[in-house]
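Trainee: got a predicted structure plus its sequence, pasted below:
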Amino acid sequence: MQVTIETRDPREAATDLLALPLPSLDAKKLRLPSRAAALDRSLDGRLRAVIEAGDFRGEAGETLTLYPDSGAPAKRVVLIGLGPESGVDADAVRCAAGAAIAAAASRKARKLHIVAPSLRRVRAPAAAQALAEGVVLAGYRFDRYQAAKNGKGQTVEAATLLFERGGDLRAARASARVGVVLAECQNLARDLSNEPANELPPAALAREAQKVAKETGLRVEVMGPAQLKRHGMNAILAVGQGSSNPPRLVVLEHNAPPKGKRGKPSPKRPTLCIVGKGVTFDSGGISIKPSAGMDEMKHDMSGAAAVVGAMRACALLNVPLHVVGVIGAVENMPSGTAYRPGDVVAAMSGTTIEVLNTDAEGRVVLADALHYARTRFEPQAIIDLATLTGACVIALGKWATGLFGNNERLIERVRRAGEATAERAWPMPLWEGHRKAIRSDVADIKNTGGREAGSSTAAAFLAAFVDDTPWVHLDIAGTGWTSKGTSYQPKGATGVGVRLLLELLREWKGVRLG
């Protein structure tokens, strides 16, 4: 979708649909914003009339459509509620943009103009980014396998954001470009996660990462089973050994140093690693899952999808850091060659893992991926994303990602990035008791600590492979996909984590974690 910024008077916008976001309004003491008041005069007072009649109150998510007289530049004017102005933030603006896309799509409108709201809490550049993100995210559809879409596909071809004259339009345009890039990269993550498992086994996921690298100039390396074996990545190999689709380890690098100095961090350009769980389908293995909902297990690589999307955004936005994306890609299947409950596996680090449940496979895959990232690149920090535990879904539902880590400053930085992007991450406990719960009687650690505090004991397992490197684990099991859409989030994969990671990375300069 093409997104542009103009300073045209809304009354002169020749468009299929003109969207006017407004905060909550008091019909008895009605004071319209200046551009809304001017638009109302051109509509012969219809806007004021519907507000005074109580038909539109400006409540969050509320919409109302007006039809100007024949010959008016705009065919339709849609009022969109933002809620009380004191609570309007960037996400409220993003939601309004999503509502505008929905209104345009339902009317098969091809051209959409949105009047950028003038708000005390959201300045023009932030509003431009939020509006751009909202229209691109809301316009997403995963319909490539539908031969006849019956007109249900997205119709909006162009969205024009109308800002007031006299503002910092250069900053607004730059912010809108950032918003488009972030949303497109999040949509890429959605695409990967929504792909059926038969179309995206580990090798195909690796090829998609290679395509992104070729497009953006990222350095890429893909390791197959032979290389994984040479590196001693027996944990990844164990999880993948039951499938006819062999595992892969994918490494993407942004601002990679010269090959002779690969992996050595520079004080001028710190290294950060983002690690993604890429289980392209999770049957549970020998500890097989119930059939109900198993189709959703194609989304068990949503962490890897977010890493691919975030790495593309790093390149396109020229993030001034050395960022490394590491993905462990496997398919967890039951067969005569599958790993079994009771097996003991030696990870790349040398730590031995007792497998009590083959459905607790994501953490086993991440064991090798985290150790490789830490020892190969010596990063200043590691952030991993994984659809790791059902326990996190029970604890936080779809409303927040579970946030664990070993460094309070890094945890707080990630939490703030989540708040800024409306990809909320909630700090969860990681205590010594959780570490004790994964001690094994026959190996160094076991891959499940039982039902109690399942998300925390899973994080304790991961912590065993990062040593003292500052590290955060994001459990996106509840936020990685949704069965109920919102204004800018259709049903299916969410692409969660892409915007959070970029907010964190773009604000990284000068951070001390020690």
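Mentor: Okay, I see it. Numbers count the residues shown, from 1 in each chain.

Trainee: how about the strands in the stretch 251-400 of the chain?
Mentor: Counting by DSSP state E, counting those that start in this stretch, the stretch 251-400 of the chain has strands at residues 271-282, 322-332, 344-346, 352-354, 381-386.

Trainee: tell me the helix or strand right after the lengthiest helix in the chain.
Mentor: Using DSSP state H to assign secondary structure, the helix with the most residues in the chain is helix 169-194. The first helix or strand that comes after helix 169-194 along the chain, using DSSP states H and E, is helix 202-216.

Trainee: how near is I383 to R76?
Mentor: Between I383 and R76 the distance is 44 Å, computed by CB to CB, to the nearest Å. All C-beta atoms are positioned from the backbone trio N, CA, C, and that covers glycine.

Trainee: show me where pLDDT drops low in the chain?
Mentor: 149-154, 260-267, 510-514 (pLDDT under 70).

Trainee: what's across from V275 in the sheet?
Mentor: Beta-bridge pairing for V275 (DSSP bridges): V326, D384.

Trainee: how near is it to L182?
Mentor: From V275 across to L182, the span is 20 Å (CB to CB).

Trainee: stretch 473-486: which residues count as buried?
Mentor: Judged by neighbour count using 16 or more other CB atoms under 10 Å, the buried positions of stretch 473-486 are H473, L474, D475, I476, A477, G478, T479, G480, W481, T482.

Trainee: okay, how far is it across it, tip to tip?
Mentor: Here the two ends of stretch 473-486 are set 26 Å apart, with distance taken as CA to CA, to the nearest Å.

Trainee: go on, stretch 483-492?
Mentor: Using CA to CA, the end-to-end distance of stretch 483-492 comes out at 6 Å.

Trainee: stretch 411-431 too?
Mentor: Chord length of stretch 411-431, first to last residue, is 15 Å (CA to CA).

Trainee: and for stretch 192-200?
Mentor: Its start and end residues considered, stretch 192-200 measures 8 Å (CA to CA).

Trainee: what comes up buried for it?
Mentor: For stretch 192-200, using 16+ other CB under 10 Å, the buried residues are L192, S193, N194, E195, A197, L200.

Trainee: please apply the same query to stretch 119-135.
Mentor: Of all the residues in stretch 119-135, those buried under the rule 16+ other CB under 10 Å are 119, 122-135.

Trainee: nearest to Q489, of these?
Mentor: The shortest distance between Q489 and any of those, using CB to CB, involves G134 and amounts to 10.3 Å.

Trainee: please, which helix or strand holds the closest one?
Mentor: For G134, the enclosing helix or strand under DSSP H and E is helix 124-138.

Trainee: using the three-state scheme, assign W426.
Mentor: Of the three states, W426 takes strand under DSSP: H, G, I helix; E, B strand; the rest coil.

Trainee: the closest residue in space to it that isn't next to it in sequence and R451, how far apart?
Mentor: Here the nearest residue to W426 in space, its sequence neighbours aside, is A400; by CB to CB, 6 or more residues apart in numbering that works out to 4.1 Å. From A400 across to R451, the span is 21 Å (CB to CB).

Trainee: the more surrounded of the two?
Mentor: Comparing A400 with R451 by other CB atoms under 10 Å, the one with more neighbours is A400, at 20 against 9.

Trainee: helices of the stretch 401-514 of the chain, start to end?
Mentor: If you assign secondary structure with DSSP state H, counting those that start in this stretch, the helices in the stretch 401-514 of the chain sit at 408-421, 432-437, 454-463, 498-506.

Trainee: as JSON lines, those helices with mean neighbour count would be great.
Mentor: Written out in JSON lines, the entries for the helices of the stretch 401-514 of the chain read as follows (neighbours: other CB atoms under 10 Å):
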{"stretch": "helix 408-421", "mean neighbour count": "19"}
{"stretch": "helix 432-437", "mean neighbour count": "16"}
{"stretch": "helix 454-463", "mean neighbour count": "26"}
{"stretch": "helix 498-506", "mean neighbour count": "25"}
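
Trainee: G224: which of these is closest?
Mentor: Minimum separation from G224 across the helices of the stretch 401-514 of the chain (CB to CB) falls at helix 454-463, 24.3 Å.

Trainee: does D368 touch A235 like I think?
Mentor: Yes - look at D368 against A235 with CB atoms under 8 Å: they come within range, at 4.5 Å.

Trainee: overlap of the contact sets of those two?
Mentor: Shared contacts of D368 and A235, defined by CB atoms under 8 Å, 6 or more residues apart in numbering, are found at A347, M348.

Trainee: please identify which of these two sits among more neighbours.
Mentor: Neighbours were tallied for D368 and for A235 using other CB under 10 Å; the higher tally belongs to A235 (31 against 28).

Trainee: determine the three-state secondary structure at that one.
Mentor: helix.

Trainee: show me what contacts it?
Mentor: Taking CB under 8 Å, 6+ apart as the criterion, A235 is in contact with V345, A347, M348, I353, V364, V365, A367, D368.

Trainee: can we see that at 6 Å?
Mentor: For A235, the contact set (CB atoms under 6 Å, 6 or more residues apart in numbering) comprises V345, A347, V364, A367, D368.

Trainee: just D368 next, same as before
Mentor: Residues near D368 by CB under 6 Å, 6+ apart: M233, A235, I236, A347, M348.

Trainee: same thing but 7 Å
Mentor: By CB atoms under 7 Å, 6 or more residues apart in numbering, the contact set of D368 is M233, A235, I236, G328, A347, M348.
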